[in-house]
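Undergrad: heads up, no residue letters with this:
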């Protein structure tokens, strides 16, 4: 999933929990940020197998489990929820094309509904058909009706949940716009690259 979707899920999660725990802005923001922070490991892709950032330890359950354990030991609810939100990100990423979930086995696990079995097993062949290998993933994502339906649903649920459960933080949803713009910009750049 794209960073804007993870952001939206973070807003939904933090908003619903805000109804029960009445977070301050800092706590609310930390929970939201933890929903997408691991996607910044994309800047470390060159260190990952096949330059796939989802093969890094940051896209395994290890960081979230450590955060949850520390939160429980310190009896710090917000830190525990940060770990849970991070964990949710990793679980969600197993659906589209998988993550290195346990890290130790060094392979992507998950449902991987965006790919056929052949595409996943012969990924290098499919990637070689594009000027930029990222175009393959981008094309699969934006041509997948399930992904687009999920994106729209998350956006609607994000807006509704923050209005209903955390109206005092409603302006935070404006951050969705640059995240969405980032992905759209990248999408059109990749399409232009492949056409030229």
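TA: It's in. All of these numbers come straight from a predicted model, not from anything done at the bench. Residues are numbered from 1 along each chain as shown.
Undergrad: ok, residue 41 to residue 66 distance?
TA: 16 Å (C-beta to C-beta, to the nearest Å). Using the backbone N, CA and C atoms, a C-beta is placed for each residue, glycine as well.
Undergrad: looking at those two, which one has more neighbours?
TA: Neighbour totals were compared for residue 41 and residue 66, and residue 41 leads with 17 against 12 (other C-beta atoms under 10 Å).
Undergrad: for this protein, give me the ranges with low pLDDT.
TA: Along the chain, the model assigns pLDDT under 70 to residues 50-51.
Undergrad: could I get the full set of helices for it?
TA: Using DSSP state H, the helices assigned to the chain run over residues 3-21, 25-34, 62-73, 77-96, 117-121, 123-127, 134-142, 145-165, 176-195.
Undergrad: burial-wise, tell me which of those helices comes out on top.
TA: helix 3-21 (a mean of 22; mean count of other C-beta atoms under 10 Å).
Undergrad: picking that back up, need the helices of the chain in TSV (columns: distance to residue 109).
TA: Shown next, in TSV, are the helices of the chain (distance: least, C-beta to C-beta, whole Å):
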stretch	distance to residue 109
helix 3-21	19
helix 25-34	22
helix 62-73	14
helix 77-96	6
helix 117-121	11
helix 123-127	15
helix 134-142	17
helix 145-165	19
helix 176-195	24
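Undergrad: closest to residue 45 out of the ones you listed?
TA: helix 134-142 (9.5 Å; C-beta to C-beta).
Undergrad: tell me how far residue 90 lies from residue 125.
TA: 28 Å.
Undergrad: now swap in residue 167 and tell me
TA: Applying C-beta to C-beta to residue 167 and residue 125 gives a distance of 51 Å.
Undergrad: could you do residue 136 as well?
TA: Distance from residue 136 to residue 125, by C-beta to C-beta: 10 Å.
Undergrad: who touches both of these two?
TA: Contact criterion C-beta atoms under 8 Å, 6 or more residues apart in numbering; residues shared by residue 136 and residue 125: none found.
Undergrad: residues in contact with the closest residue to residue 95 other than its chain neighbours?
TA: In space, and not counting its chain neighbours, residue 95 is closest to residue 111: 5.1 Å by C-beta to C-beta, 6 or more residues apart in numbering. Contacts for residue 111 (C-beta under 8 Å, 6+ apart) come out as 94, 95, 98.
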